[in-house]
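In: mind looking at a prediction? Sequence and model below.
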2 protein chains.
Amino acid sequence: MSTAIFYHAGCPVCLGAEQLVANAIDRSKYQVEVVNLGEQAGRIGDAEDAGVKSVPALVLDDQVFHINFGASIDDLK
Amino acid sequence: MSTAIFYHAGCPVCLGAEQLVANAIDRSKYQVEVVNLGEQAGRIGDAEDAGVKSVPALVLDDQVFHINFGASIDDLK
């Protein structure tokens, strides 16, 4: 099973993307985790290590996809 | 069945996104169409009407998600 991590920060752009994009992912292929970096600041380092520059972002396996633009990860620190 | 249209232009950023993102979509929920605007210039108008500003982009139902940045749609005309 591959992993999909959807990082967001609770912003309106993030929530719209979460609702559609995260829910559109095939759960038979991906184990989906949704991480709100606004609430889980301890995960910011993981997100940065994965290459996340802004949220919302989707990490599929090891590849980062920045989806639209809600907030810079630097603004979440 | 909802519709998912993945617009791209054959650029490397596009192809990476297509491979992972388009294939990650749950085909039991979405009918997925992949449109290469470089080859199907007649679809550029549809993409613009949907709100696509750059590729790769994913349109889920009527909502546009710009994924990373490959090329501006203006550069495809």
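Out: Received the coordinates, thanks.
In: can we go C-alpha only for contacts and neighbour counts from here?
Out: Noted.
In: can I get stretch A:26-41 in CSV? Just the C-alpha atoms.
Out: The C-alpha coordinates for stretch A:26-41 follow below in CSV (Å, rounded to 0.1, in the frame of the first residue of the first chain):
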residue,chain,number,x,y,z
ASP,A,26,-8.2,5.7,-4.3
ARG,A,27,-8.2,4.2,-0.8
SER,A,28,-7.6,0.8,-2.3
LYS,A,29,-4.2,2.0,-3.5
TYR,A,30,-3.2,4.6,-0.9
GLN,A,31,-3.4,4.9,2.9
VAL,A,32,-4.4,8.5,3.3
GLU,A,33,-3.4,10.6,6.2
VAL,A,34,-4.5,14.2,6.6
VAL,A,35,-2.3,16.5,8.7
ASN,A,36,-3.3,19.9,9.9
LEU,A,37,0.0,21.7,10.4
GLY,A,38,-1.8,24.5,12.3
GLU,A,39,-2.8,22.0,15.0
GLN,A,40,0.2,19.6,14.6
ALA,A,41,3.2,21.9,14.5
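In: any buried residues in that stretch, and which?
Out: A:26-27, A:30, A:32, A:35-38 (16 or more other Cα atoms under 10 Å in any protein chain shown).
In: also within reach of chain B: list those from the residues you listed.
Out: A:26-27, A:30 (Cα under 8 Å from any Cα of the partner chain).
In: so which of these comes closest to chain B?
Out: For those, the minimum distance to chain B (Cα to the nearest Cα) is 3.9 Å, reached by residue A:26.
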